[in-house]
Every structure is written in structure tokens, then in C-alpha cells.
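> Here is a sequence together with a model predicted from it:
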Amino acid sequence: MGSEKQKRSSNRPKRGMRAPANEPCEPILARNEDIARAFDDIADIYELERDNPFRVRAYRNAARVLRGLTVEVGEMLRQGEKLDELPGIGEDLAGQIAEMARSGRSSKLEELAAAVPRLALELMRLPNVGPKRAMRLCDELRARSLDDVRRAARAGKVRSLSGFGAKFEQALLHSLAAADLKKERRFKLASVQGYADAALAHLARAPGFEKAEIAGSFRRRKETVGDLDVIVAARRGQLVIDWFTRFPEIEKVVSAGTTRATVTLHSGLQIDVRVVPQESYGAALVYFTGSKAHNIALRRLAQTQDLKINEYGVFRGDRAIAGETEASVYAAVGLPMIEPELREDQGEIEAAASGALPALVRLSDIRGDLHAHTSETDGANTLEELAQAAKERGLRYIAVTDHSRRLAFAHGLDENRLLAQIDRIDAFNDTHAGVEVLKGIEVDILENGALDLPDATLARLDLVIGAVHSQFGLSREKQTERILRAMERPHFSILAHPTGRLLLERDAYEVDMTCVIRAAKARGCFLELNAHPDRLDLSDVHCRMAKAEGVLVSVNTDAHRIQDLANLRFGVSQARRGWLEKDDILNTRSLSTVRKLLKATM
DNA sequence: GCCGTTTTCGGCCCGACTGTTTTCAGTCG
């Protein structure tokens, strides 16, 4: 690890690059996610040790706060900002964060980890095993490994422990075998839509059914969801639960009572159903939409007003004063309705209280799409088909941005083929009305930060989208440098899928997004929010960072077939999670304004 | 461990379901 001085010089912007607005982008020894993980681990250990549950909560809360920050705490420290001004971070945790940011290590975690059996932490990740059972299994079975526990369970030794029974033993064996570690199996948002529709359709035929809605992270439009939460309004819960547990796609009914049931489908997706009376429907929606942190903050606010919020309503003493609609619940504690995408306890309650909630962008605000492919490279449709489909979806413009030559497997365009495509697009625009096709390219950013086509060719286009498609494994410094260099080229309009992640498949490459966003601001170019459900790249947090720095985001489908244009809605919901408003987004502008803004990058 | 028109102590969100009980603890969301 080099000295502070070396780090600084190695990362200084190179010749010809304007320095990013707010000074340097140095390597950070522990990033927010690293620190959050350490805090989660510490919380697990304190839980095992049956330490004060509120201390456990404090660590988990701090981890959540760190994950939601739009700046690295390491950078905040360098700027002299005080960490204990962050919500839920006091003197002690601020000190621990500072230690990690400085040294990359947590002495607290190292000390604690030595004191608890590793096995207990592993057991705690199994369903229905919490800290107490985990510790007792370790101690009373004298187990050292998951294999020890498995052997003991097979030998019937678990059921003989007091408080444990045969059913628990069976379930334990099952989860050990399935290795269905709580390590949560997650699903991409778009991939659960079908299950959601089918479950709702089934429920709609239940006796006494009044209405239903999917709540949970699905309704908050998180990029991935762990399960589906369904709220049903009906008079008699038992009838609905009985009906629901006969949903044909169910593999297993995990639990079923008179008002709620949990099932798993053959796909492994879990569905929780909760039945409430009509007058509690809004309160139940709030409760089950979450997030948990949002609910806690909301209830705490209610407490200060001598009110109690639960899934049945808002209560003053025993009297329900609200609950039929979500708006009534928020109104009861003096707040306007808060959109589901914002409910993460990331400042939305404070914003609501002070009348500062953002007017979130809507799908209908989007006027065009600035990233799409045709059959000239790896798309499935011709430019004519693409333009027609865009027009039918009500878009005013669409950019054709095929791949460049480097992407050989996609049959990327060389200069001549690109020039020919430019001519075809001009001819198309001359003869077709109702939708304008913009001339673009998704040009590869090479390893050294150069672009895959000559400047003179790029100059003929309306926009240039730069993209990293290779060398994902570069160091953070090199990757950041590479992207910054590319953005400094004379023709560079939009950085495509800025972190390169594929949800649940491939992590983002190492890149300093704070640096990239500030460079985009200095350069006057834009960042893409790629709307493909496998990408949704930018993340919600990065959207907020872009907004904070004043960088416009372009919500693009990256369509490879005309059906992909429908993915725009996933991009928009991600933008909404990032607090973006209409004016924060490039392609909510009219064609003439977009042309003007793009021209300035060229 | 955090926090304060309850401010340096004493609180900290709330309820359902299961299994093993015989009135409840543990886990989950």
C-alpha cells in the first residue's frame, strides 16, 4: 500500500483533462459497502451473544444508512465532514467508521469474531434458526461444523433438546440438505411480474374477495426482489387463505393461519399473503410495502403524536382514526402521501414533512429513447421497424446506436458501414414523419480510454454513446482513468451502463463513480440509466449522486428488439427510486432541446 | 449504540404463526 502522497500523484488527472469540479479522487481503503458489511457482521455476533438488541439494531441501522449514502464516507472524512451528523451514527460508530476508512480494518469486528463460533453464524443463516437456536445447537450438540449438526439431526439428537422437536429437526435437515441458506435467493424485478399477475388473478376468484395489490419491494420497484407480498381486502380471511393455498403453482405451504399465509412456488419464489378488512387496506399496504426502515421511522413519528400505527390502521388509544387508504395513514401523522419508490428511510419522511418531496418522473414524461440497436449489428429489427415501434409507443425520437467494430461478435460497425447507416437514416427521416431517428453509435471504450472509431467519423453523428465491454477486471484506478479519458474525447455524449453490472450475475466493475459523475459534470456529458431489467445501471444511489452533482441522466432501453422498448418502465421506476424528477432526465426534453444538448457534447 | 418540544437517562415498532407448550419463546416480516 503506497503512501498518501503516492496515491495522490498516481490518481491525478492526466494531461489534457480538466480536473473534476470538486478535487481529487483518491483510493479509499474501506468503502461504504465494506463498512456496512462489517457492521452487519458485528450485529450478527452481538445477536449471538444476546447483547442488547437495541445495540444490534443500531449496527444494522448504521449499515443501512451507509449503503444509502451518495458519497463515500472516506471522502466525507477528507472533506472534514462530521460523520456523527449522519442519522443513526453517533460518536462511537463514527469512530469505528473512521478507523475502517483509514486502515481498512475493524478492530471491533476482529475482536468479536474471535469470541463466537463460526458455526453459529452459519447456522443463523438457515431459515427458522435465529441467534438463540444457533447458539444452543452449537453448545448442546458440541458441534463444530454444519456436518456435525447434520449428523446429530439424523441421529435424532436435535429433537431431544428441550424446546426443539421432531418437526424442527426435519426442517433443519431439509434446509441443510437444500443448502437453502437465507443468503436470500433473489429474483430480478421483471422476472417476477408473471408470478405476481398469476397470483393476483387466482386471488381475484377467492370467496369474498374485494381487492388486492402486490406490496413489498416489488411495489417499491427494487431492482431485485426476494419474495412477493400480497395484500387482500376481504371480509373473511380464512376463506381467502384456504383458497390461496390451492394456487396451482404452489410447491409448499410454509405457514397458513386465519389472516396470513406463506407459500413457496415451484420456482422457489416465496409469496406472503395477508388478508385484512377493507377499512384496514391502506394501513396494510403501508405496512407490507415497507421498507421496514420506513415503517419504523413512520411509527416513531406517530408515537411522538400519541398515535400508534400497525397494519390495521392508525390508532389514538383504541380508536382507529385512519387506515382505509394509504393517503389517510400518512395524513394522520401530518404527511402527504409518499410514493412507494421513495420508502427507504433515506430522507423521504423529512422531505414529506417539509413539503420537499420530489415530483417523481413518470413514464409518460419520457419523449424519446437514446440507445437502441438494429439488425445491422446484434439487434433483431431493421431501423424502419424500430422507428415504427417507437412511434407506436408514442416516442418522438429514437437514436440508432449500433455497436462499433471492436465488438466483432456483434458484427460491430466500421467506418464505412457506419457512414452507410448515416445515409440510410437521413433518407428515412426525409421520407417519414412522426418520429425522428437520431444518428448514433455505441462505441467501445478501449483499454487505454481511446474510442473505437476515429473522431472524424464520430463527428458526423448526432450523439456518441461510450461503453465499456471488455477488461472488466482492471483496478479501480485504471478503470476510472480509462472512463475519464474516454469522456474527454471531443465527441462523447453519454456513458452507457456506467458500472457494467448484470444483476445477480456479474458485479459492477471497480470504478469510482463519484469521480465519473463529477467528470461528467465538468465535461458536460450525460450518464445512462440503462433500463434493461438485467442491468438497471445506474443504481438508485448513483441516480441520487448524479442529481446532487447536476448531471442529467438518460433513461435508455438499449433495445435489441422492438419488444425491448417496453423496458422503459423499469428504467423509469429505477429513476424514481433515485428521486429523479422530469427535469433531471435528458430524454424528457423535446427533440429540439435534446438535439441542442447533444450537440454541445459533440 | 443512538437519541432528545420526553435532553445526559431511559427509552428504543408491532403483530402473526409455529412448534412445543400448557401460557409462551423464537423467528419472521
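It's in.
> what sits against the spatially most central residue of chain A?
Residue closest to the mean C-alpha point of chain A, counted by CA atoms, centre = their mean, is A:Glu223 at 4.6 Å. Applying CB atoms under 8 Å, 6 or more residues apart in numbering, we find A:Glu223 in contact with A:Lys188, A:Leu189, A:Leu503, A:Pro533, A:Leu536, A:Ser539, A:Asp540, A:Gln574. Backbone N, C-alpha and C define where each C-beta goes, glycine included.
> what's the distance between it and A:Arg535?
As judged by CB to CB, to the nearest Å, A:Glu223 and A:Arg535 stand 9 Å apart.
> intersection of neighbour lists for those two?
What both A:Glu223 and A:Arg535 touch, as defined by CB under 8 Å, 6+ apart, is the set A:Leu503.
> Which helix or which strand is home to A:Val230?
Using DSSP states H and E, A:Val230 sits within strand A:227-234.
> Tell me which residues are up against that strand.
For strand A:227-234, the surrounding residues in contact (CB under 8 Å, 6+ apart) are A:192, A:195-196, A:199-200, A:203, A:206, A:208-216, A:218, A:240, A:269-278, A:280-281, A:284-285, A:288-289.
> go on, stretch A:279-297?
Residues outside stretch A:279-297 that contact it (CB under 8 Å, 6+ apart) are A:61, A:64, A:211, A:213, A:215-217, A:219-220, A:229, A:231, A:233, A:272, A:274, A:276, A:298, A:309-314, A:320, A:322-330, A:338, A:340, A:343-345, A:348-349.
> Okay, and which of those residues map to helices?
Among those, the members falling in helices (DSSP state H) are A:61, A:64, A:216-217, A:219, A:298, A:326-330, A:348-349.
> neighbour-wise, which of those residues leads?
A:Val329 (26 neighbours; other CB atoms under 10 Å).
> pLDDT score assigned to A:Val56?
Note on A:Val56: pLDDT of 89.
> So it is in contact with A:Glu49, correct?
No - between A:Val56 and A:Glu49 there is no contact, the gap being 9.5 Å when judged by CB atoms under 8 Å.
> Which parts of chain A belong to which domain?
Here chain A is described, according to automatic domain parsing, as comprising the domains A:126-178, A:187-276, A:280-353, A:363-599.
> Burial-wise, tell me which of the ones you listed comes out on top.
Mean neighbour count (mean count of other CB atoms under 10 Å) peaks for domain A:363-599 among the domains of chain A, with a mean of 20.
> OK, contacts around the closest residue to DNA strand B within the stretch 201-350 of chain A?
Using CB to the nearest atom of the strand, the closest approach of the stretch 201-350 of chain A to DNA strand B is made by A:Gly257 at 2.3 Å. Contact analysis of A:Gly257 by CB under 8 Å, 6+ apart lists A:Ile241.
> Against A:Thr431, how distant is it?
Between A:Gly257 and A:Thr431 the computed distance is 65 Å (CB to CB).
> and A:Cys138, what does it touch?
By CB under 8 Å, 6+ apart, the neighbours of A:Cys138 are A:Pro117, A:Leu119, A:Ala120, A:Leu123.
> Out of the residues you listed, list just those in helices.
Short answer: the contacts of A:Cys138 in helices (DSSP H) are A:Leu119, A:Ala120, A:Leu123.
> you'd agree the second one is up against A:Met135?
Translated: A:Ala120. Yes - using CB under 8 Å, A:Ala120 is in contact with A:Met135, at 5.5 Å.
> Pull up the overlap in contacts between the two.
With contacts defined as CB under 8 Å, 6+ apart, the residues adjacent to both A:Ala120 and A:Met135 are A:Leu48.
> quick check, nearest of the ones in helices among the contacts of stretch A:279-297 to A:Ser554?
A:Ser554 has its nearest neighbour among the ones in helices among the contacts of stretch A:279-297 in A:Glu348, at 24.7 Å by CB to CB.
> Grab the nearest non-local neighbour of that closest one.
A:Leu342 (4.1 Å; CB to CB, 6 or more residues apart in numbering).
> ok, now A:Arg343?
Using CB to CB, 6+ apart, the closest residue to A:Arg343 is A:His294 (4.0 Å).
> Nearest to DNA strand B within the stretch 501-602 of chain A, name that residue for me.
Closest residue of the stretch 501-602 of chain A to DNA strand B, CB to the nearest atom of the strand: A:Leu504 (18.3 Å).
> and what of chain A?
Residue of chain A nearest DNA strand B, by CB to the nearest atom of the strand: A:Gly165 (1.6 Å).
> From A:Phe168, how far off is the residue nearest to that residue when sequence neighbours are not counted?
Leaving aside its sequence neighbours, A:Gly165 sits nearest to A:Arg159 (CB to CB, 6+ apart; 5.6 Å). For A:Arg159, the distance to A:Phe168 (CB to CB) stands at 7 Å.
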